[in-house]
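Asker: task: produce atomic coordinates for the following.
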Amino acid sequence: MFSTFQPTGNNRRKRRKLSITRRYRSLRTPANYLVMNLAVADFIIMMEAPMFIYNSIHQGPALGSIGCTVYALMGALGGTVAIATLTAISIDRYNVVVYPLNPNRSTTKLKCYVLIAFTWAYGLLFASFPALEIGLSRYSAEGFLTACSFDYLDRTYKARVFMFVYFLFAWVLPFVIISYCYARILIAVINANAIQSSKSKNKTEVKLAGVVVGIIGLWFAAWTPYAVVAMMGVFGYEQYLTPLGSMIPAVFAKIAASIDPYFYAMNHPRFRQMLERMFCNRGADQGNSQYQTSHYTRGASRADDSDVVGGGGGGGGAGGENGSGGVATGASSSSARGIGRGRLVSVKGTPGGGMKALKKQLSNGDETSMEVSIEM
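Answerer: Have a look, this model is predicted:
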């Protein structure tokens with residue numbers, strides 16, 4: 001009389017897709033969207049590699065003027081978008097760490113989408129003019145004629161003005177913003193660590209200082225050779241540019257495009273945890289989605305018995321998916337509970353605990369203020 005329901009293949013696929021969506025929801029944050037945009041820009045830069053290898057085998061621009069324009073357009077678009085995205089990431093991290101309680105400075109998903117659209121409009125603006133050949137520079141072969149880029153040796157007035165403006169908006173301005181943001185992050189963390197023990201304070205500051213130097217140094221090493229070579233051509237020092245010297249900028253830019261995904265994503269603890277869950281614990285996580293609520297409830301109960309505020313792991317920052325959450329506090333109560341998206345955060349009545357919880361709840365990112373400063 002009663003028949004047992006057998007899920008069809010289509011239903012199984014829908015369930016699996018829903019399970020994956022829930023499992024990796026903590027990674028879908030505005031900060032990670034910017035990192036994904038950076039990965040796309042770096043991928044466009046790396047797509048030049050097959051064309052470069054083909055030209056190197058034939059010892060020249062074997063694909064002709066059209067191939068040279070496509071090659072240079074991909075490099076200019078990907079490079080400019082990557083520079084703009086790195087600048088946006090630094091501004092987002094600056095707002096999260098330095099102004100964690102200011103809602104006007106939080107990066108919502110809408111603001112993130114606007115930032116991403118701006119980076120691509122920014123890149124298309126500077127990359128399209130040379131391709132159109134309307135007098136504002138052009139694309140030509142460089143180095144050993146196996147790569148193509150802006151014609152920084154063009155002596156016309158409009159071309160030189162364009163290259164100088166591009167130098168200001170694609171190197172000087174981003175470098176100043178990135179350096180300022182990460183320097184302020186370092187200062188903010190040093191000031192916040194003043195109340196900690198000497199050993200913990202020094203460890204955090206040294207680690208953060210290394211990350212800041214690495215981020216600024218990587219950006220500087222990637223794009224400064226292009227800036228120097230371009231300005232040498234603009235100001236009439238092209239006699240010092242050799243084919244080998246002209247190829248160095250392209251090599252450094254592609255090396256940076258290869259390192260960026262590791263530095264900004266693979267070096268991120270939560271991203272590594274998700275990769276481990278995806279490839280190492282795949283069989284064990286098949287049925288976890290249907291027990292998600294009870295799992296979070298048990299985790300919250302365990303948190304009530306400890307002095308740790310807002311546990312970490314793969315579950316994300318205290319703000320949940322978007323870094324947002326509510327905090328209920330009472331002046332006379334010894335503990336407060338803030339409800340994030342899908343879990344409870346317990347705060348014991350320790351000195352300064354309420355302020356720490358508030359900062360963790362309102363920090364709009366996928367990490368808390370301290371974690372953001374160290375990881376990114």
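
Asker: residue 113 sits in which helix or strand?
Answerer: helix 109-132 (DSSP states H and E).

Asker: who does the next helix or strand after that helix touch, helix- and strand-wise?
Answerer: Next along the chain after helix 109-132, taking DSSP H and E as the criterion, comes strand 139-142. Applying 3 or more C-beta pairs under 8 Å, 6 or more residues apart in numbering; DSSP states H and E, one finds that strand 139-142 contacts helix 64-98, strand 147-150, helix 243-261. No exception for glycine: its C-beta is placed from N, CA and C like everyone else's.

Asker: give me whichever of the ones you listed is most buried.
Answerer: Mean neighbour count (mean count of other C-beta atoms under 10 Å) peaks for strand 147-150 among the helices and strands packed on strand 139-142, with a mean of 26.

Asker: tell me the mean pLDDT over that one?
Answerer: The average pLDDT within strand 147-150 is 91.

Asker: direction included, what does that strand pair up with?
Answerer: Neighbouring strands of strand 147-150 in its sheet, by DSSP bridges, are strand 139-142 (antiparallel).

Asker: pLDDT of the strand it pairs with, averaged?
Answerer: 91.

Asker: how about stretch 77-96?
Answerer: 93.

Asker: again, but for stretch 259-278
Answerer: Averaging pLDDT along stretch 259-278 gives 74.

Asker: could you export the helices and strands packed on strand 139-142 as TSV, including distance to residue 51?
Answerer: Shown next, in TSV, are those (distance: least, C-beta to C-beta, whole Å):
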stretch	distance to residue 51
helix 64-98	5
strand 147-150	9
helix 243-261	12
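
Asker: so residue 62 belongs to a strand, correct?
Answerer: No: using DSSP: H, G, I helix; E, B strand; the rest coil, the assignment for residue 62 is coil, not a strand.

Asker: the closest residue to it other than its chain neighbours: neighbour count?
Answerer: Nearest non-adjacent residue to residue 62, counting by C-beta to C-beta, 6 or more residues apart in numbering: residue 55, 5.4 Å away. For residue 55, the count of nearby residues is 23 (other C-beta atoms under 10 Å).

Asker: what's the answer for residue 107, then?
Answerer: For residue 107, the neighbour count with other C-beta under 10 Å is 25.

Asker: tell me the secondary structure for it?
Answerer: Recorded secondary structure, residue 107: coil (three-state DSSP).

Asker: kindly format the C-alpha coordinates of stretch 101-117 as CSV.
Answerer: The C-alpha trace of stretch 101-117 is given here as CSV (Å, rounded to 0.1, in the frame of the first residue of the first chain):
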residue,chain,number,x,y,z
LEU,A,101,32.7,49.5,15.1
ASN,A,102,31.8,52.0,12.4
PRO,A,103,29.0,50.6,10.3
ASN,A,104,29.5,53.2,7.6
ARG,A,105,33.0,51.7,6.9
SER,A,106,31.9,48.1,6.8
THR,A,107,32.1,46.4,3.4
THR,A,108,28.7,44.9,2.6
LYS,A,109,28.1,42.6,-0.4
LEU,A,110,26.6,45.5,-2.3
LYS,A,111,29.7,47.7,-1.7
CYS,A,112,31.8,44.7,-2.7
TYR,A,113,30.0,44.3,-6.0
VAL,A,114,30.4,48.0,-6.7
LEU,A,115,34.1,47.7,-5.9
ILE,A,116,34.6,44.8,-8.2
ALA,A,117,32.7,46.5,-11.0
